[in-house]
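> model the structure of this input:
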Amino acid sequence: MPEKDALARYKGKRDFTRTAEPSVDAGARSGKSGEQPVFVVQIHDARRMHFDFRLEVDGVLKSWAVPRGPSTDPHDKRLATPTEDHPLAYRDFEGVIPHGEYGGGTVIVWDEGTFRNLTTDRAGNEIPMADAIERGIAWHDVPGYVLAQCAGGIAGAVIAHLMFGLEWYTLSTHARSGAAQVFSEFVASFGLVSVIWGCSRVRSAAVPFAVGCYIASAYWFTASTSFANPAVTIARAFSNTFAGIRPSDVPSFIAAQIAGSLSATLVFRWLIPGLPVGAKDVVLPQTAGKES
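Residues are numbered from 1 along each chain as shown. This next block holds a predicted model:
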């Protein structure tokens, strides 16, 4: 993606007649081979104090807001919410963003340095950092996620049975067949994936809340009560209650869910042509401290 496009959101959120933040990338790099990309961590005391983590990738600073501070323990994990790309000149920015402006508050540089991308694919080829950041999980990780979701769903059904004094394991006899039910699952899944795609491009931190609200509402406006997830469908086949689904009806529900999800993905790829096609397996290492 051209740099001017990558920085469009950054420029659109700011009034440069009021803020001292860099409006153009005066700190552009020479592009000489051997130059290591930089990282910077800034403390940002805006509406809530947080850390901004930025990595130099393809001529811009890819950026994340981190609510909790860094840890010296590599096993600790921190929530990092993607924000808009920033110009390279932002790596040196310190100052006060006026109140009323986007991100109003004090910004100081907390740490900076350079990093190297150490991750390769299975053939030993280095994976570009831009691919790593923009794309989803690797295909070889998908089976593990599928198994974990199915196991969690079935365990949840068993626990619910035990809590209500039912047999821990019963196959459902609740019929959910017919074109209306299957079409409802297509619509439910299309809507769910659309909510995720759309919300993740604007305010990714709100995705869990948006998904919860959508599922709660779709329960009422779809004839199938919005399963919208193959793992949920399989799990509910193990519950002979009003929430269950007859095992023989599971395949048609899952087929409709996959079709609805793929359709939503294709629509968003048409609306946003820059969306990547595949996923790569990568980690994002950085050096500790500043390198000269």
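> got the contact list for A188?
The contact partners of A188, taken as C-beta atoms under 8 Å, 6 or more residues apart in numbering, are 218, 222, 224, 226-228, 257, 260. For the C-beta atoms, the positions are set from N, CA and C on the backbone; glycine is no exception.
> 10 Å instead?
214-215, 218-219, 221-229, 253, 256-257, 260 (C-beta atoms under 10 Å, 6 or more residues apart in numbering).
> just R78 next, same as before
51, 53, 64, 66-71.
> does F186 touch F227 like I think?
No. Applying C-beta atoms under 10 Å, one finds F186 not in contact with F227, separated by 11.3 Å.
> quick check: neighbours shared by those two?
Counting by C-beta under 10 Å, 6+ apart, the common neighbours of F186 and F227 are 253, 256-257.
> let's see which of those residues end up in helices.
Counting by DSSP state H, the part of the shared contacts of F186 and F227 found in helices is 253, 256-257.
> mind checking the longest helix of this protein?
The helix that spans the most residues within the chain, counting by DSSP H, is helix 179-202.
> can you give me how far it is from the chain middle?
17 Å (C-alpha atoms, centre = their mean, to the nearest Å).
> quick one: average confidence on it?
Taken as a whole, helix 179-202 has a mean pLDDT of 90.
> out of the ones in helices among the shared contacts of F186 and F227, grab the one that's most surrounded.
F253 (29 neighbours; other C-beta atoms under 10 Å).
> quick check: which ranges of this structure have low pLDDT?
Residues of the chain meeting the criterion pLDDT under 70: 1-5, 24-34, 121-122, 131-138, 201-202, 204, 272-292.
> kindly export the longest helix of the chain (C-alpha atoms) in PDB.
Extracted C-alpha coordinates of helix 179-202, given in PDB (Å, rounded to 0.1, in the frame of the first residue of the first chain):
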ATOM      1  CA  ALA A 179     -34.800 -24.400   4.100                       C
ATOM      2  CA  ALA A 180     -35.900 -21.700   6.500                       C
ATOM      3  CA  GLN A 181     -33.700 -23.000   9.300                       C
ATOM      4  CA  VAL A 182     -30.700 -23.400   7.000                       C
ATOM      5  CA  PHE A 183     -31.100 -20.000   5.400                       C
ATOM      6  CA  SER A 184     -31.400 -18.500   8.800                       C
ATOM      7  CA  GLU A 185     -28.000 -19.900   9.700                       C
ATOM      8  CA  PHE A 186     -26.600 -18.500   6.500                       C
ATOM      9  CA  VAL A 187     -27.900 -15.000   7.400                       C
ATOM     10  CA  ALA A 188     -26.800 -15.300  11.000                       C
ATOM     11  CA  SER A 189     -23.200 -16.300  10.000                       C
ATOM     12  CA  PHE A 190     -23.000 -13.600   7.300                       C
ATOM     13  CA  GLY A 191     -24.100 -11.000   9.800                       C
ATOM     14  CA  LEU A 192     -21.700 -12.200  12.500                       C
ATOM     15  CA  VAL A 193     -18.600 -12.200  10.200                       C
ATOM     16  CA  SER A 194     -19.600  -8.800   8.800                       C
ATOM     17  CA  VAL A 195     -19.800  -7.300  12.300                       C
ATOM     18  CA  ILE A 196     -16.300  -8.700  13.000                       C
ATOM     19  CA  TRP A 197     -14.800  -7.500   9.700                       C
ATOM     20  CA  GLY A 198     -16.400  -4.100   9.900                       C
ATOM     21  CA  CYS A 199     -15.700  -3.400  13.600                       C
ATOM     22  CA  SER A 200     -12.200  -4.700  13.500                       C
ATOM     23  CA  ARG A 201     -11.200  -2.100  10.800                       C
ATOM     24  CA  VAL A 202     -12.600   0.800  12.900                       C
END
